[in-house]
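> One predicted model, sequence on top.
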Amino acid sequence: MAHKADLKGLKALFPAVAFFQTDIQNDRAVEDLVRETRPDACFHLAGVASVDEFAGRPKECFRTNVEGWLNLLEAFKKHAPKA
């Protein structure tokens with residue numbers, strides 16, 4: 001269920017902000033990104049908010065929303081704890 005956002009619009013609105021994409025369900029990919037970038041902050045936009053999508057693919061959406069969030073928390077705790 002990997003979704004790729006088109007970041008052109010966000011980059012145009014916020015030119016001073018760096019945007020990155022990775023597979024939030026892949027704990028290694030998330031950890032690598034956080035370790036490499038050492039961000040000051042994170043705006044997590046990868047959650048599934050659609051009730052219809054969640055109803056149709058509950059396990060996949062759960063992994064994105066819960067495991068993905070945990071992957072971010074663990075990576076930040078380890079590599080960017082002040083973010």
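It's in. Numbers count the residues shown, from 1 in each chain.
> Only C-alpha atoms from now on, for both contacts and neighbour counts.
OK.
> Buried residues in stretch 58-76, which are they?
Judged by neighbour count using 16 or more other Cα atoms under 10 Å, the buried positions of stretch 58-76 are 60-61, 63-65, 67-72, 74-76.
> Which ones among these lie within helices?
Judged by DSSP state H, the buried residues of stretch 58-76 include E60, C61, G68, W69, L70, N71, L72, E74, A75, F76 as members of helices.
> what's the burial count for the closest residue to A80 other than its chain neighbours?
Nearest non-adjacent residue to A80, counting by Cα to Cα, 6 or more residues apart in numbering: R38, 5.5 Å away. Counted with other Cα atoms under 10 Å, the neighbours of R38 add up to 16.
> Might one say that R38 is in contact with H79?
Yes - counting by Cα atoms under 8 Å, R38 touches H79, with 6.5 Å between them.
> Test for you: state the pLDDT assigned to K59.
Predicted confidence (pLDDT) at K59: the value is 92.
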